[in-house]
Structures are given as structure tokens and as C-alpha cells.
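[1] My questions are about this predicted structure, shown below with the sequence.
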2 protein chains.
Amino acid sequence: MFNFSAGPAALPLEVLEQASAELTDWAGSGMSVMEVSHRGKAFTALAEQTEARLRALLAIPAAYRVLFLQGGATGQFAAVPLNLAAHGAAADYLNTGVWSAKAIEEARRLGIEVNIAADEAASKYTTAPAQSALRLTAGAAYVHYTPNETIGGVEFPYVPDTAGVPLVADMSSTLLSRPIEVSRFGLIYAGAQKNIGPSGLCLVIVHEGLLARARKDVPAILDYTRMAAHGSMLNTPPTFAWYIAGLVFQWIEARGGLAAMAALNRAKAELLYGTIDGSGLYRNPVERACRSWMNVPFRLERPELEPLFLSEAAAAGLMHLEGHRSVGGLRASLYNAVPLAAVEALAAFMREFERRHG
Amino acid sequence: MFNFSAGPAALPLEVLEQASAELTDWAGSGMSVMEVSHRGKAFTALAEQTEARLRALLAIPAAYRVLFLQGGATGQFAAVPLNLAAHGAAADYLNTGVWSAKAIEEARRLGIEVNIAADEAASKYTTAPAQSALRLTAGAAYVHYTPNETIGGVEFPYVPDTAGVPLVADMSSTLLSRPIEVSRFGLIYAGAQKNIGPSGLCLVIVHEGLLARARKDVPAILDYTRMAAHGSMLNTPPTFAWYIAGLVFQWIEARGGLAAMAALNRAKAELLYGTIDGSGLYRNPVERACRSWMNVPFRLERPELEPLFLSEAAAAGLMHLEGHRSVGGLRASLYNAVPLAAVEALAAFMREFERRHG
């Protein structure tokens, strides 16, 4: 059984097995990790170790704070403007697909003047804009972009240069899939349910120079400055999701860290795109330089065969290959916990399906 | 080992054992419940069953919507004014302790004119105001109160009559501990980590007549109307916490529902308060009619013995009896999952401790 879900997505089996084994008795406490106070010594130590592991994996500089929050990326669509810009201030947004558009809609609803510094509508969102095409605004409060669009399967092959304006990135679907240079960003956020852990946890990595800019009326649970001052425990955090994230970080460490994840993820993506490009039945519409390593949408040249493809794939143990409900078609998500063997099995199935139906 | 934590609190062992057994293979899917899409058939069915179970347990009328949200009660401190009142509108708040005060502070920060309709400061927050003492405002957007203060251990022995103004209740520490008459309330909210499930989930039960009143600039994750329209899945919900809550609802059903929980909780509280009142060493400062069934704070007449009490209790397997860090002392939380045997063991320990040190 292989799980290609776009999220909540596959978790490492070793992590699930450890969580299962200690679910009623965590760390010799006689209790579940779900049953202990977030302010007790045991959980506080877990929280500190988990942050230290994340800092080591990503080589996060000391000037950045790490927050473990709730509300997912959708919460951050609001938190970013509420914390980084005054009401009526201007911010630049790069529109490259469904998730960028949601971030833009929320910023506008919260009273931000949104400058669309790039819009890939003309390409039907099948590519990312070049650096030279970005129409950035001098004095913008920040530049927001989506390095990877999980629905469109489009990925920026570079980190935009914003000439000193803080760069904000929704890395929900790529954080921990490869090394990044954190110092290029003012703020990074990521819903956990792709490469990090279960849904219900959202990581924020924010340069401390961006704190203390929040509007007075930002809701406390979205206030970076207060959350940073309270170690993400202004209120009760999602302790179980935090714990699972820590196990995932250990799992990544034990497998060689983010360089190893990058090599694995590149190999998986190359195998799947190679299978698509080498076939007469499958196609992926994204410009090659901007193809996502994480989310591979594809269609069949005969779309009427797609339901059959899905049912035969499921019968072969290849699960959750349906495209996003807003676009249809097919999609394979290849996050860290999806092994190369899963993509090998998918590629073999695709070739066999094409032989029979192509 | 008995766990008296105020939250995250004890969960039923049977629930944890089932979760552990199916953590890597849920409902025959070959996957963890954490790994499946919240929009897939399996999780959608779980979500519907879970809501139906909650509706049956609480006899929730059809005119109420049930939301499964993130952000805890602290998120609701913001969501309530943002959804139910225009900027600058007036709302009544009853101030009976730490949690009421936090709700008041957040409402003020968000631009609400807060009328303090009752303030128990003069009693040092050791009682609840009588109905006749409430100074309610005609035309208030809503009346907010905290039926049970988890830190002070004070509980309202009645549901306030608000003469038609919507009554909003933070039931974080009492929801599911006994039957309630939902129709008395405009809105009920509860962080899950007491009687419902793991932290990271927050239930909202709201009369549909209160929807569509939100300010235009309410963040999407706090917007009741949009969340209700999307079945709490405007964004990815905390699926694992939702699943555990469903198992807890089943566990309550199997034990006779909320009437049985009420009988059990009353018996536990009477045993503990009886032990305190019958001793010369322990005391609880709360007016008897307003003593909480859920959270029993107590002090020793010789406070210097409290650290010894805690260490000897822990050695005897009676865990997390420390008072809230803001007030010190001792506290036993007696939520649904704390068995009568736990309170019997605590009472026996207290008598023995008094015999040796009293």
C-alpha cells in the first residue's frame, strides 16, 4: 500500500510505529503524551528538543524565532498581514496558482493594499515568473509568494531577490524536502500535514526584526510577538502534533538530513516525470524548469480513462492519486515519507496501464 | 497511576488503547487516520458520525451548528466578538476569574465596548454572582460568561437568564461532564483538552441565527459562517484530534451518556470536598454552592508542607496535583476520564498524609 495523498499525507511508518508503541505510556510517564501538561517538565523538554532539531536540520540562524502554531497556512494568510503591515499598507504578492490566490484574497479582506507583482494567469498557472518579470514595489511591507503550488504542481526554481523587502514564503508543501537558505527569507510558514507531521500544527520561522510590528487588534492566537514571548504557549498548543513533528525530525536526521531528503525527492520526481514524458498516454502541463518535486499533476490523453486508472491503481495499492477536486485529473504527491519504491511501483503501473489502454 | 492534570488532561484508557492499536492501519485502510485526506470518503464519514454522536449526547437542537475548529478557547476569545458584534458594539461579560478576564482582555483589544455585568473581585473570585446581581445591558450584542473557572474552581450553579440577549459560554472545562440545555445558549465553545480529546481541537456550538453577523475583516479561520458553510473544512482540520474526540464520544455513550457522567462526576467531587471539609489540614476557599465538580483547588493549613504533599503524592502514583502556576497550592481536576478509584486513592492518601503531618 502506497499513499500519494496531497495532505494530510503519508507519515514515516517508523514514526507511526513508535507513536503507537508509546501511545498509552510516553517516556516512562505511565501516561500518553496527549495527557500531560504542556507546561510540565517532560513536555517542555520535548518542545525544546523539537525546536533544536528543526534548527539543526534547516540551519536556522539565531536571529530567527520558531513558532509552533495552530490554524494551518490559512491562519497564516491572515497572520502575515496582521503582523507585518499596518491597515492600508501595501504588500506585494506573486500570484502563481490556487494557494497564492487564497493568500491574496485574505490579505485584501484584512485591509491590505495588495500589489500583484506577478500573475501567471496568461500561462494558465503552468510556470513561475522569472526574477526579471517581477514588478516589485519599493517600500512594500513584504513580498509574499508560494514556492510550490500543490494543486498546479508549479515550483519556483529560484528564491526571489526582493532588494531588502522582507520575503514571506508559504512553504507548506516543501519545507524539509531539501536544504534552504533561511537567511533569504523574512518569514517562512508551513502547515505540517505534508512533510512535517499531522494536520493541526503550523510552523512559522520569523526573523526577530519583524516582530513587534503587529496591529493592536491582531487576535492573540495569530500574534507572532506574543507567541514568541511565550514559547508558542500563549495558549495550550497542539501537543500531540508537536510530538509527532519531533519524531519526524528525528527520522529525517537519522536518514542523513535534508541533503539526503533532496537527493531522494529529486530521484522520485525524475522517475515520475520521466515516465510521463516517455509515454504517449500521460502528460504534465508544467514548464520543465518549474515542475514541482512534491506534487505531480497529470492527465491522460484520453481523460475518460482516468476513473479506470484510479480504480485500477487503488486495486494495486496505489492510493489517493486523484487530482484536487477543483481541477480533476490525477496527481501524485511525493513528500519525504513516500519511498522511492512507491514511485517505482507507480511508474510500473503507469507503463502497464498504458500498454493495456494506451 | 492516576492523572489529575487540569489539561491537557487524562483520556479514557480504552480510547488510547484503540488509537494505539489502529495507529498504523485505520479502518482497514492500510494507513493511519493521520495520513488520509480530510475530504476523502472515509474521513468525511468519520466527521459526520462524530458530529452525530455529539448531537445525540448533548441533545443539540437542529437550529444549532457544530464546528470543529483550531486555536482553543483563546481563539474563541477573539472569534466571539469578531463574529457576533460590530466594531465598537457593546457586550456584557461576567468576570469570575482568570479565564473570564482573558476573554474580556481580548474583546477589548478587538474594539468591543465591554460592560462588566458582574465582577467577583470583592470575593477574591471564590463565588459566582447571583442572577439578581447581574447588571445586564439592554441591547448588548451578547453576554459572555465562564460557567466553570478551572483555576479558581468556581462554578455557576445556574444558567444566567439574559432576557433574550444571546448567551455565550466558555465551557472548556465542563462540556460533556453533565447534561445541559443547549437551547439556553446562543453559543457554546470548549477547548477539547479536558473532557473531549487532545489539545488542538475546539468545539463551537452556535445557533444558526447568530451566523452571518461577522465583521468583514474576520480572519477566515475564525469565521463561523464560512466554517459552517464548509463543514469545518474551510481549511485542513486537525484530523487526528477530531478522530480521538469521536472515540471519546463513543466511550461516553457506552457508559450511559451524560447523565451517567454527571452521577460519576458528582460522586467524585463530593468525595473530595468531603475529605477536605472533614479534615483539619486541607481547605478549599470556594462558596459551597459554587464549588466546581471539575477542578478542586485546595491548600494546606501549613503551606510549607505542599511540596512534600506533591512529592509523596507522585510517589504514590497521584500525578499532576500542583495548582496553576499563577496561584500555587494544590489542585485536583476530576474530568470524565478520571475514575472514581482515582479520587478514592487521593482521599485515602490525603487522610494518611494528614495523620502523619497534620
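    Perfect, thanks for sending it.

[2] contacting residues around A:Phe240?
    Residues in contact with A:Phe240 (C-beta atoms under 8 Å, 6 or more residues apart in numbering or on different chains) are A:33-34, A:198, B:198-200, B:240-241. Quick note: C-beta positions are derived from backbone N, CA and C, even for glycine.

[3] Mind giving me the PyMOL command for buried ones among those?
    Applying 16 or more other C-beta atoms under 10 Å in any protein chain shown to those, the buried members can be selected in PyMOL as follows:
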select buried, (chain A and resi 33+34+198) or (chain B and resi 198+199+200+240+241)
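
[4] which of the contacts of A:Phe240 lies closest to A:Ala337?
    The closest of the contacts of A:Phe240 to A:Ala337 turns out to be A:Pro198 (C-beta to C-beta; 11.9 Å).

[5] now the closest one: how far from chain B?
    Distance of A:Pro198 to chain B, given as C-beta to the nearest C-beta, to the nearest Å: 4 Å.

[6] Next, find the distance separating A:Trp99 from B:Asn235.
    Relative to B:Asn235, A:Trp99 is positioned 11 Å away (C-beta to C-beta, to the nearest Å).

[7] what touches both of these two?
    In contact with both A:Trp99 and B:Asn235: A:Ala73, using C-beta under 8 Å, 6+ apart.

[8] Run a quick neighbour tally on the residue nearest to A:Gly317 when sequence neighbours are not counted.
    Take A:Gly317 and drop its neighbours on the chain: the residue closest to it by C-beta to C-beta, 6 or more residues apart in numbering or on different chains is A:Met1, 4.6 Å away. Neighbourhood size, A:Met1 [other C-beta atoms under 10 Å in any protein chain shown]: 13.

[9] check contacts around A:Met1.
    By C-beta under 8 Å, 6+ apart, the residues touching A:Met1 are A:317, A:319, B:30-31.

[10] Please apply the same query to A:Gln18.
    Counting by C-beta under 8 Å, 6+ apart, A:Gln18 has contacts A:Leu247.

[11] in what helix or strand does it lie?
    Using DSSP states H and E, A:Gln18 sits in helix A:13-21.

[12] After that helix, which helix or strand is next? Please name it.
    Next along from helix A:13-21, by DSSP H and E: helix A:41-58.

[13] Now that following helix: buried residues?
    Within helix A:41-58, the residues that count as buried by 16+ other C-beta under 10 Å are A:43, A:46-47, A:50-51, A:53-55, A:57-58.

[14] Now render the residues you listed as a markdown table, adding distance to A:Asn115 and pLDDT.
    Below are the buried residues of helix A:41-58 laid out as a markdown table (distance: C-beta to C-beta, whole Å; pLDDT from 0 to 100):
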| residue | distance to A:Asn115 | pLDDT |
| --- | --- | --- |
| A:Phe43 | 43 | 97 |
| A:Leu46 | 42 | 98 |
| A:Ala47 | 38 | 98 |
| A:Thr50 | 37 | 98 |
| A:Glu51 | 34 | 98 |
| A:Arg53 | 38 | 98 |
| A:Leu54 | 32 | 98 |
| A:Arg55 | 33 | 98 |
| A:Leu57 | 34 | 98 |
| A:Leu58 | 29 | 98 |
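
[15] Those into a markdown table, with extra columns for distance to chain B?
    A markdown table is the format used below for the buried residues of helix A:41-58 (distance: C-beta to the nearest C-beta, whole Å):
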| residue | distance to chain B |
| --- | --- |
| A:Phe43 | 9 |
| A:Leu46 | 13 |
| A:Ala47 | 13 |
| A:Thr50 | 15 |
| A:Glu51 | 18 |
| A:Arg53 | 20 |
| A:Leu54 | 18 |
| A:Arg55 | 23 |
| A:Leu57 | 21 |
| A:Leu58 | 22 |
